[in-house]
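Peer 1: predicted model, plus sequence, below.
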Amino acid sequence: MEIPPKSPDGSEKSPQCKELITSDTGSTLCISSRSESVWTSASRSKWDIYHKPVIVVSVGAAVFLFGTVITSLSCFLTENKKVYKMVGPAFLSLGLMLLVCGLVWVPIIRKKQKQRQKSQFLQSLKSFFFNR
């Protein structure tokens, strides 16, 4: 059996929890691993939701096009041909990888948004029926 490490002050609280002591009461606040709370229902714009995959897709497309240009330079230029043949496919594969990762990320975000909407709907139904 594994014994959890003790904190420097000797208490045996988990490292995820911080103790907040006010003048009136002492309470423990556990830090959640999620960045958003289920209880906050502030609506977010489409850009707030999809800005990371859009950036990844655009960077991936730019790197892919750069790799295409570098690879095609190996066909037209005679000097440094080996360098172009080596570096071009590397940029092609890196750009394609970023492009595909960004494109796959979008449906994952959509699925999470639908699950979050269902969860909020079910919580509102639960609070409606049980808080009467």
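Peer 2: Cool, the structure landed. Numbers count the residues shown, from 1 in each chain.

Peer 1: only C-alpha atoms from now on, for both contacts and neighbour counts.
Peer 2: Noted.

Peer 1: measure Phe64 to Lys81 for me?
Peer 2: Per CA to CA, to the nearest Å, Phe64 is found 19 Å from Lys81.

Peer 1: compare those two (neighbour count), which wins?
Peer 2: With neighbours defined as other CA atoms under 10 Å, Phe64 and Lys81 compare such that Phe64 has more, 24 against 14.

Peer 1: who's in contact with the nearest residue to Met97 once chain neighbours are set aside?
Peer 2: Closest residue in space to Met97, ignoring its immediate chain neighbours: Gly60 at 7.2 Å, by CA to CA, 6 or more residues apart in numbering. Neighbouring residues of Gly60 by CA atoms under 8 Å, 6 or more residues apart in numbering: 94-99.

Peer 1: who are the packing partners of the host helix or strand of Lys114?
Peer 2: Taking DSSP states H and E as the criterion, Lys114 maps to helix 81-130. Judged by 3 or more CA pairs under 8 Å, 6 or more residues apart in numbering; DSSP states H and E, helix 81-130 is in contact with helix 46-76.

Peer 1: report the buried residues of the helix it packs on.
Peer 2: 53-54, 56-57, 59-68, 70-71, 73-74 (16 or more other CA atoms under 10 Å).

Peer 1: mind listing what's buried along stretch 80-93?
Peer 2: Across stretch 80-93, burial judged by 16+ other CA under 10 Å covers 84-85, 88-92.

Peer 1: pLDDT weak spots in the protein?
Peer 2: 1-42, 132 (pLDDT under 70).

Peer 1: any chance of JSON lines for the buried residues of stretch 80-93, columns distance to Trp47?
Peer 2: What follows is the buried residues of stretch 80-93, written out as JSON lines (distance: CA to CA, whole Å):
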{"residue": "Tyr84", "distance to Trp47": "37"}
{"residue": "Lys85", "distance to Trp47": "38"}
{"residue": "Gly88", "distance to Trp47": "32"}
{"residue": "Pro89", "distance to Trp47": "32"}
{"residue": "Ala90", "distance to Trp47": "31"}
{"residue": "Phe91", "distance to Trp47": "28"}
{"residue": "Leu92", "distance to Trp47": "28"}
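
Peer 1: much appreciated, bye for now.
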